[in-house]
Structures are given as C-alpha cells and as structure tokens.
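Undergrad: take a look and give me a structure for this.
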Amino acid sequence: MAATQVVRSEWTKIRSVASTVWTLSLAVVVTIGLGMLISALSANDFKNMSRNDQLSFDPTYISFAGMSLGQLAMIVFGVLVVSNEYSTGMIRTSLAAVPQRGTFLFSKIAVASGLVLVVGLVTSFVTFFLGQAMLGSHKASIGDSGVLRAVIGGGLYMTLIALFSMGVATMLRSPMLSLGILMPFFFLISNILGNVSATKKIGRFLPDQAGSKIMQVVTPIDDDTPYGPWGGLGIMALWVLAAIVGAYVLLKRRDA
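TA: Numbering: from 1, shown residues only. Next comes the predicted model:
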C-alpha cells in the first residue's frame, strides 16, 4: 500500500473513533476553562501576594495553568490512537494490509501529530487571549518579549505529550497498562520529584517539567534551572524521540 493511502487510512481511523474525538475535545475545553478560572483567581489575589511573587508574576504562564489537566486528556488521546487497534484485534488486519511496519507507525504518528499540532496551537492562542482577558490590568500582550514564543510553545508542548504517549502505547500495546503508567507518571510522580528538594534536580529533566519551560516568560527569582525555554523543549523532544524509536524497534521485532 502506498504511503499516501496509509496516511488516508489512518486519518479515517482517527475520525471514525468517537473516543479519540471526544478526548481531544476534552483536552481543549479543560485547558481553556481551567486557564481562565485560575487567571481570574490570580488577578483577584494579586494584591495579597508577597513582593517576590508579584515580581515573579507571569501572566502568560498563568493562563496556561489548565495545561496540567489538559495534558492528561492529551495522553489518553495518544494512547487511544494506538491501542484501540490492539484492544480490538484490528492490529493484525492493519499490519497485514501494511506489512511495512515503519510506514504503518510513522503514518499513524504523522496524522495524529498533525491533528494535535493544529488543535494544540488553536487551543494555546485561545487560552492565552481569554486568560489575559481574565487578568485585566495584570495581563501581558502577544507582542511582549517572549510571549509569542510561549504561546506557540504551548501548542508544541501538547503535540509532544501526545507523541510521547503514542510511543509508550505502541511499546506496551495495552491501553490499560499504558494509562496505568503514564497517568501516575505525569500527574503524581513528576510533581512529587519536582517539588521535593532532594529530587528537584532530577524532576526538572522529566518530559513535562522540562517541556513546560517553553510556556514561561518571567523567570522566578529563585529559579536555578540549568536550561532555558528552548532547551527544556529540546529535553522533552529527546524523551519523545526515545519513545518513538523504542516503539519502532519493538513493532519491527514482535508479532502482532
């Protein structure tokens, strides 16, 4: 089967599975809604903040506060895109139709990442503008230094989260096992390692903590992170590359 046909087939699969569409929609709604809520609360609480917190106040980053929950929906999307075929047994039919496993995997990744990139960028810009509207006099402008980079970075971050989840799901082949590892990893383990002083230096190199640096415009006063916004996104991209390479190697070696 030609590569263009495989890409078309993968697009049809994503569109026709209701759970993937709903999950992607949930990621958008949660990211925007929670971002607006926290932006409004932050604006209201600004006068009660300490001097250091006021100096470190990052209106752009605040508007992306919903990303912490929105990324969980994006993880589910990435897992479902891959593991739906394993859970239904359709993977055998797919690999019989496309015996070139590299073509099969990378067509699936290309279609899903293209869709998530578009959705992620739209979500990121809407989140920013609505969040700034909630912040009132404390808002940032899209023309301010570093802001456009942060907003575009928000869309790239969502895309990389989905790609990482796709790689892990391809390696594990089970939706329950994939979600059972990814959800605690991002929602619990990463937060714990990043907030405990003894493990903070390890936590900052995890994919979500490193990648989220791209959405930061104002550097906190006590921040000693050894990389900048693009460096953090680069670290996250390396995690994604490792997951995709692992997925490719195992898909080539294993039976369906």
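Undergrad: where in the stretch 101-250 of the chain is pLDDT low?
TA: For the stretch 101-250 of the chain, no stretch has pLDDT under 70.
Undergrad: again, only using 80
TA: For the stretch 101-250 of the chain, applying pLDDT under 80 flags the ranges 102, 222.
Undergrad: that one: helices as residue ranges?
TA: For the stretch 101-250 of the chain, helices defined by DSSP state H, counting those that start in this stretch occupy the ranges 101-135, 147-172, 175-184, 190-195, 200-203, 207-211, 229-253.
Undergrad: just tell me which of those ends up closest to Val218.
TA: Proximity to Val218 (C-beta to C-beta) singles out helix 147-172 among these, at 9.9 Å. The way it works is simple: take the backbone N, C-alpha and C, and place the C-beta from them, glycine included.
Undergrad: for that closest one, packing partners?
TA: With contacts defined as 3 or more C-beta pairs under 8 Å, 6 or more residues apart in numbering; DSSP states H and E, helix 147-172 has these neighbours: helix 59-63, helix 67-88, helix 101-135, helix 175-184, helix 207-211, helix 229-253.
Undergrad: just put the helices of the stretch 101-250 of the chain in CSV and tack on distance to Leu41.
TA: CSV is the format used below for the helices of the stretch 101-250 of the chain (distance: least, C-beta to C-beta, whole Å):
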stretch, distance to Leu41
helix 101-135, 9
helix 147-172, 20
helix 175-184, 26
helix 190-195, 20
helix 200-203, 26
helix 207-211, 23
helix 229-253, 25
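Undergrad: just put those helices in a markdown table and tack on distance to Arg8 and mean neighbour count.
TA: Below are the helices of the stretch 101-250 of the chain laid out as a markdown table (distance: least, C-beta to C-beta, whole Å; neighbours: other C-beta atoms under 10 Å):
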| stretch | distance to Arg8 | mean neighbour count |
| --- | --- | --- |
| helix 101-135 | 9 | 20 |
| helix 147-172 | 19 | 24 |
| helix 175-184 | 24 | 16 |
| helix 190-195 | 37 | 15 |
| helix 200-203 | 41 | 14 |
| helix 207-211 | 31 | 23 |
| helix 229-253 | 21 | 17 |
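Undergrad: of all these, which one comes closest to Ser141?
TA: It's helix 147-172; of these, that one is closest to Ser141 (C-beta to C-beta) at 6.7 Å.
Undergrad: check contacts around Tyr159.
TA: You called it Tyr, but residue 159 is Thr. Taking C-beta atoms under 8 Å, 6 or more residues apart in numbering, we find Thr159 in contact with 113, 116-117, 120.
Undergrad: can you redo the residues you listed as JSON lines with distance to Phe129?
TA: As requested, these are exported to JSON lines (distance: C-beta to C-beta, whole Å):
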{"residue": "Ser113", "distance to Phe129": "24"}
{"residue": "Val116", "distance to Phe129": "20"}
{"residue": "Leu117", "distance to Phe129": "19"}
{"residue": "Gly120", "distance to Phe129": "15"}
